[in-house]
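Asks: have a look; sequence and predicted model below, questions after that.
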Amino acid sequence: MKNFVTLNLKQKVFINVVFVILMVSGVYSLFNTPVENLPPVAIGKVVITTIHYGASARDVEQLVTREIEEAIDGLENVEYVQSTSMRNVSSILIKFIDDTDYRHLYDELRLRVLNVREQLPDAVDDPIFTYLDSQDWKPVIIANLIGDLSNTSLTLLAEELKSDLRKLDGVQEVALEGDYHQEFQVHIDPQRLRDTGISFAEVAKAIADANVKIPSGRYRQQGHNTLLDTGQVFDRQQQVLDVAVRRDGDGNFIRVRDLATLASLSHREPDLISTVNGQSTVKLKVKKQDAANAITIAERVKQEVERFNQLHQRDGVTTVLTNDSTIEIDDSIRTLGGNMVLGMILVTLVLWITLGFRNAMLTAIGIPFSFLVTIIIVKLTGESINTISLFSFVLVSGIIVDDAVIIIENVYRHLYMGKTRRTAIVDGVSEVFLPVISSAMTTICAFAPMLIMTGSTGDFFSVIPKAVSFALFASLVESLFILPVHILDYGPRQMSANLHPEGDYHHLQEGPFAPLWKIYRGLLNTLLNHKWLTMAGITTAFMVTMVMMIVSVTGIMPLIKVKFYQDSYLRYHVTVDMPTGTSVEGTDAVIRDLSRYLVSLGPGQTLSTSGSAGLKEDQDYQIHRAQHYGQVVVELPPQSEMDLPTGNDQISTYIDQMYDQVEAYVDQHADQWPGRPTIQVFGESTGPPSGKAVNIRLSAMDIDQARAASDDVLAYLHNDPAFADLINLEDNRASIQSVLNFEVRRDRALEYGLSSSDATRLIAGSLNGMQAGNYRTTREEIDLMVKLARQEDSGRGLLNPEQVATIPIVEHSEQPILIGDLANLDYRQEPDARTRYNGKPTLTITADIRTGSQLSASRVQVLAQRYFDSINDRYPGVSIAFGGEFESTARAYTSLAAAFVIAVLAIYLILASQFNDYIQPIIILSAIAFAFIGVVLGMFFTRSVFTIGSFMAVIGLAGVAVNDSLILIDFMNKERERGLGLREAVINGCSARMRPVLITTLTTMLGMLPMAIGIPHKSITWAPMATAFATGLASATTLALLLIPVEYELTENAKERVRNFMRRRQRQNLKQQREKNK
């Protein structure tokens, strides 16, 4: 290695030029790499939404949902199919098995469903396929158009703005939402039908027959072509009103104008009404391309919106921007960037104190170099700068100087021997060259296996091992190739050639480490004199912490709070469930009132509110549609403008408090609404979707069985004190609604020449309206619908649905046949929704856990499973399963456990190849157990939450913690090679490496410390991981310095005893052989 280092020093001009090129390229990449809040994540879910307007939940399930489920059945790599059938809507969620070819499966799924389109009723709209990824629930920004205008006018203006926004560079899609389905409506007066004896179907048929246009080819004459059309598609109101339906008894035409109360452009009764801050809106969701910069796009959208507002100022329209991802990005940069900068300052300060100013600067320059080279690789690999990559930089900011510290400290030691600077560099660098490579590779090998994590969680966190590995590789290159050249040019001068009595370790008796060095040598001697007692103590500590972790993760005893992901919420949802049967307009009135109330809390608590009547979104980003559902999404202000009564770092507590406030508001105003709503309040996750904390699925062949079992389990969860911290506890059973059923009397239908199906279609058309072709506007062709007039719309028409029975349905020679003559009217009670999971009727019990509670999802699962096992005999055929946070946690921890095993094996392989020994790598790996002790006790005493990030910290520590042990073992081996005795080699080797070990630990811990304690800003999401890493590393380093020498001496003594035993056996065998030969 000396020749290699010597050659490297001779090429210092080349090395310095490469250094400058990489730094400049890194700065360029920094300003040209895409920036976004979160990395793109493929969830592997598809939602199929099918509208069957006017159909009951039962009909939707039988006619639509089951047909689509049967088409999907047999599709490979499907994990589950979850369906909900509601009035008007079938919603089917398909989840593919993790890490399969989602796009290929999506294409095959579409093909299968479209192949059965003809088997669905004619009145059913084409299925809508929604492929879910992070861009769907995390758009760059949303532009909301509001004003005292009709929905049609707002939609026209939104289309104009949409056209402008789609032209912006980097914009992938602009989705328009909140517009109503436009149609031309003809309302027919029921009384006029009764007076004239004309049936509703006859009017619809007359309009449809007149509203036909057929291309008729062309007529060629004398070399000139004349195109021919026959008929017309209505494009004026007058054309519709002039349609003749029949002649009356006097021979006069009865036209549509004689029967209609209204004929105009209108819209279908909306199933969804959108609002912003309590005002009607049409919204534009802007989604970016993967390689685009979110900040740049958001700024361009803001400029375009400002131009649009000025242009349409007189039109009475204003555009409000919500879901601005730049707010989240700025907050992340402010928090994580502040943590990183402060960490770098602390690292540099420690290096200055321990190594001197010049050495500190030479070492610290590796931090920006490593980060900039990492950004170059990030840009080249198509990744982005986001919250996760910023956290990775914070995580690694103290680690990347470790190699440089070891090298410069060893060069420093050789200078103290009186060597020249060049000789000290060559000897010092070559001496630790291989250990430094091994050290970096063990850390990389610890993080890299995290890439095997599956599903959306794996995609979400994959940035961490990539960024850390890139930074460590850049740090290794800088330490081995660039740093020696910088030391040669700018390093410390030659020290005095007079050796001190302490030999190589004189420098340890100077500076801040002098008292520590003396204490350490004395303590080390004491532990080495009581080796077995020492090992018994550390083994006991490890077993205790292992038990603490096991009982917490499995939910047996919540000594440590275990949570899948500790969220820092930027938005929260207030969902509303009105009484079944409430119209979407009634729900909208509640949503508007709640929105205005939440806005009235002031800009310190509410930046904006986005309301939706007709749907609600759960914590797994799944949308549930029904007219009595609604939600208000409240956007919190940026951290710099936030003023929460609970404190700005207690957002989860604030959201819990808001539940009580909203409930109180509902109690005060419920008498003004169509009914009292059921309220839920929950934060919108900034991490991977994991669902509610508690998610218990009860499936059976019959929904009544599932309902009975759910009643029993719910009663247990409500009444047992162990679950006192569960909130929003409920199941998703359907509400009961009243349905007026028109049942055709088959004998009467046949008597008048109608089949049951013909009679049913005629009645349904009278109830729900009939399409009579299309109506052409200046922009498009829309449906032309013929409907019965209602008194609430035009002052004439039906007062209630029962009056439909008096409408003529077919013509008869004596008198018109009324609907009531062919059908019996019967009110029935039916569920408003039907849910199935993998084809079985299923009820799902869900709940959240109150902030600050020690209750965990795994604990709820253990107790719920135990209770269900005790009552299972009462409910044969009912099965229980657990989803939500418990399922996400179990999957993530399982894949992380596999990553941990791979990391340990990879580290062992590296160490075994370096030391050419089977036992010494095991000694080094024992540092992982030391780190684990620190993590568990750190979580326990700081009352931090053990998240998936904390588990990742443990895996990362597997690589970092062994580095100190590796250096200690390497130097003890070198001391023995010099001919020293075992005890002297152990003492001298550990003494020589105490300072670099402590320095590297201090730099790594101080790099993480600002994040762990929240200075200058606290990250609720990442603080637990930083705490786990810092406490684990502190424990690993302290115990490694004290216990690795004990383990080393024990194993070396054991080896010596084995060698002595083998030598004795060999001598005895030789002696026996000689005696035998005699």
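Replies: It's in. Numbers count the residues shown, from 1 in each chain.

Asks: contacts only, for T1027.
Replies: 938-939, 942, 944, 950, 1012 (Cβ atoms under 8 Å, 6 or more residues apart in numbering). C-beta: built from backbone N, CA, C; applies to glycine.

Asks: pipe those residues into CSV and attach neighbour count, distance to T806 and pLDDT per row.
Replies: Formatted as CSV, the contacts of T1027 follow (neighbours: other Cβ atoms under 10 Å; distance: Cβ to Cβ, whole Å; pLDDT from 0 to 100):
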residue, neighbour count, distance to T806, pLDDT
G938, 24, 78, 87
M939, 27, 73, 86
T942, 15, 75, 82
S944, 22, 71, 80
S950, 25, 70, 80
A1012, 24, 76, 78
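
Asks: for S853, give me the pLDDT.
Replies: Note on S853: pLDDT of 76.

Asks: can you pull out the strands in the stretch 551-700 of the chain?
Replies: 571-577, 608-617, 623-635, 678-683, 694-699 (DSSP state E, counting those that start in this stretch).

Asks: sorry, back to before: out of the contacts of T1027, who's nearest I48?
Replies: S950 (37.6 Å; Cβ to Cβ).

Asks: do I have it right that the closest one meets V936?
Replies: No - taking Cβ atoms under 8 Å as the definition, S950 is not a contact partner of V936, at 9.9 Å.

Asks: circling back: export the strands of the stretch 551-700 of the chain to TSV and tack on distance to L822 and mean pLDDT?
Replies: Shown next, in TSV, are the strands of the stretch 551-700 of the chain (distance: least, Cβ to Cβ, whole Å; pLDDT from 0 to 100):
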stretch	distance to L822	mean pLDDT
strand 571-577	38	91
strand 608-617	34	92
strand 623-635	29	89
strand 678-683	41	88
strand 694-699	41	90
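
Asks: can you list those strands in CSV and add mean neighbour count?
Replies: Formatted as CSV, those follow (neighbours: other Cβ atoms under 10 Å):
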stretch, mean neighbour count
strand 571-577, 22
strand 608-617, 24
strand 623-635, 24
strand 678-683, 20
strand 694-699, 25
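
Asks: and the ones you listed: which comes nearest I550?
Replies: strand 694-699 (21.3 Å).

Asks: which element is Y219 on?
Replies: If you go by DSSP states H and E, Y219 is part of strand 213-221.

Asks: now swap in D229 and tell me
Replies: Here D229 is assigned to strand 224-231, by DSSP H and E.

Asks: following element in sequence after that strand, please.
Replies: Immediately after strand 224-231, counting by DSSP H and E, sits helix 237-241.

Asks: which strands and helices sit next to that next one?
Replies: helix 256-259, strand 260-267 (3 or more Cβ pairs under 8 Å, 6 or more residues apart in numbering; DSSP states H and E).

Asks: for it, give me every contacting residue.
Replies: So helix 237-241 is in contact with 184, 186, 207, 211, 232, 234, 255-257, 260, 263-264, 775, 784, going by Cβ under 8 Å, 6+ apart.

Asks: list the buried residues in the following helix or strand past it.
Replies: Tracing the chain past helix 237-241, the next element assigned as helix or strand by DSSP H and E is strand 244-247. Using 16 or more other Cβ atoms under 10 Å as the test for burial, strand 244-247 gives V245.

Asks: convert strand 244-247 to PDB, retaining C-alpha atoms only.
Replies: Extracted C-alpha coordinates of strand 244-247, given in PDB (Å, rounded to 0.1, in the frame of the first residue of the first chain):
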ATOM      1  CA  ALA A 244     -94.600  16.700 -32.600                       C
ATOM      2  CA  VAL A 245     -95.600  13.800 -30.300                       C
ATOM      3  CA  ARG A 246     -99.000  12.900 -31.700                       C
ATOM      4  CA  ARG A 247    -102.300  14.400 -33.000                       C
END
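
Asks: comparing the helices and strands packed on helix 237-241, which comes out most buried?
Replies: helix 256-259 (a mean of 19; mean count of other Cβ atoms under 10 Å).

Asks: over that helix, what's the mean pLDDT, rounded is fine.
Replies: Helix 256-259 comes out at a mean pLDDT of 93.

Asks: convert that helix to CSV, retaining C-alpha atoms only.
Replies: Below are the C-alpha coordinates for helix 256-259, written out as CSV (Å, rounded to 0.1, in the frame of the first residue of the first chain):
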residue,chain,number,x,y,z
VAL,A,256,-93.3,19.0,-26.7
ARG,A,257,-93.9,22.6,-25.9
ASP,A,258,-97.5,21.7,-24.9
LEU,A,259,-96.2,19.1,-22.4
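
Asks: distance from it to the middle of the chain?
Replies: Its chain's average C-alpha position is 57 Å from that of helix 256-259, according to Cα atoms, centre = their mean, to the nearest Å.
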